[in-house]
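J.: Quick one, structure for this:
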Amino acid sequence: MSVIDLSGSATHSHFISDLHLDPARPETIELSLRYFAHVQGAQALFVIGDLFEYWLGDDGADPRLSEVYAAMKALSDSGTALYLMHGNRDFLIGESFAQRVGGTLIRDDHVEVDFGNARFSLLHGDTLCTDDVDYLRLRAMVRDPQWQHNFLALSIEERIAQAQSLRDKSREAVSSKSAGIMDVNDDAVDAHFNAFSNDGLIHGHTHRPHDHTGGQRRLVLGDWKTDHAMVARFDGEQLVFERFR
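T.: The predicted model follows:
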């Protein structure tokens, strides 16, 4: 676990997750372009995983998303610090892509961001879903450096075929799981709060946006729709959960 020090500035910082950008969803791409323009000049933007629906490797960046890459670069060029965390769909984002958009790649599953007067934990959220044993087994496989090395050594066509096979198996598995299994485990959340005492936890992944304020605060970011997204903003004094449209 690492700490990002953003103390000493009252400028707003922003948190988003689960955009799942895909050429098949042009309305969501357009929403993301408006958002990246909207937050230009902010202190920081944290993308807490699943920026893309899938990522085959930096050398396989989809040219149909070039407007997104350019918008992110314009954001970082405006002076906004751009931080990218891995999700369960885009865990192969690497340093080359981060450099392309002017961002900083966070490889840790958990990072804390310190604003001086407030401090928050950031997680994609999948590591809290400990009831979903099959998913965690798959996660361990695809996060293994040797598996990633072997996958990235394949041709783009071979990667597409393998990724499609994994997605098909995932959809089949999800169809037979209860909603509760794919949500966070309460004990895992409690264990996190016991280990890290700060002003709250921000995560995504579950597609269940909500601001849980009973006890220690847990803010769950939303997956992006065609016309809106549930995002978070730290305004220098407080963490705000809001709808962007």
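J.: Neighbours of Val113, how many?
T.: Using other C-beta atoms under 10 Å, Val113 has 23 other residues around it. Every C-beta, even on glycine, is put in place using the N, C-alpha and C of the backbone.
J.: so it bridges to which residues?
T.: Beta-bridge partners recorded for Val113 (DSSP bridges): Ile4, Phe120.
J.: who's in contact with it?
T.: By C-beta atoms under 8 Å, 6 or more residues apart in numbering, Val113 lies in contact with 3-4, 6, 13, 44, 46, 119-120, 122.
J.: what does the lowest-mean-pLDDT helix or strand in the chain rub up against?
T.: When each helix and strand of the chain is scored by mean pLDDT, DSSP states H and E, helix 156-175 comes last, with a mean of 85. Applying C-beta under 8 Å, 6+ apart, the set of residues contacting helix 156-175 from outside is 54, 56-57, 59-60, 134-135, 138, 142, 151-152, 154, 182.
J.: Buried subset of the residues you listed, written for PyMOL?
T.: Here is the PyMOL command that selects only those of the contacts of helix 156-175 that count as buried (16 or more other C-beta atoms under 10 Å):
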select buried, resi 54+56+57+60+135+138+151+182
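J.: Please list the members of the contacts of helix 156-175 that lie in strands.
T.: Within the contacts of helix 156-175, no residue falls in strands by DSSP state E.
J.: quick one: Asp18 is in a helix?
T.: No. Under DSSP: H, G, I helix; E, B strand; the rest coil, Asp18 sits outside any helix and is assigned coil.
J.: Distance of His38 relative to Arg137?
T.: 39 Å (C-beta to C-beta, to the nearest Å).
J.: Would you mind telling me which of these two has the busier surroundings?
T.: His38 (12 against 9).
J.: Now for the residue nearest to that one when sequence neighbours are not counted: which residues touch it?
T.: Closest residue to His38 apart from its sequence neighbours, by C-beta to C-beta, 6 or more residues apart in numbering: Phe244 at 7.3 Å. Residues in contact with Phe244 (C-beta under 8 Å, 6+ apart) are 31, 35, 38, 228-231.
J.: mind listing what the residue nearest the centre of the chain touches?
T.: Centroid check for the chain by C-alpha atoms, centre = their mean gives Gly49 as the closest residue, at 1.6 Å. Neighbouring residues of Gly49 by C-beta under 8 Å, 6+ apart: 17-18, 85-90, 124-126, 204-205.
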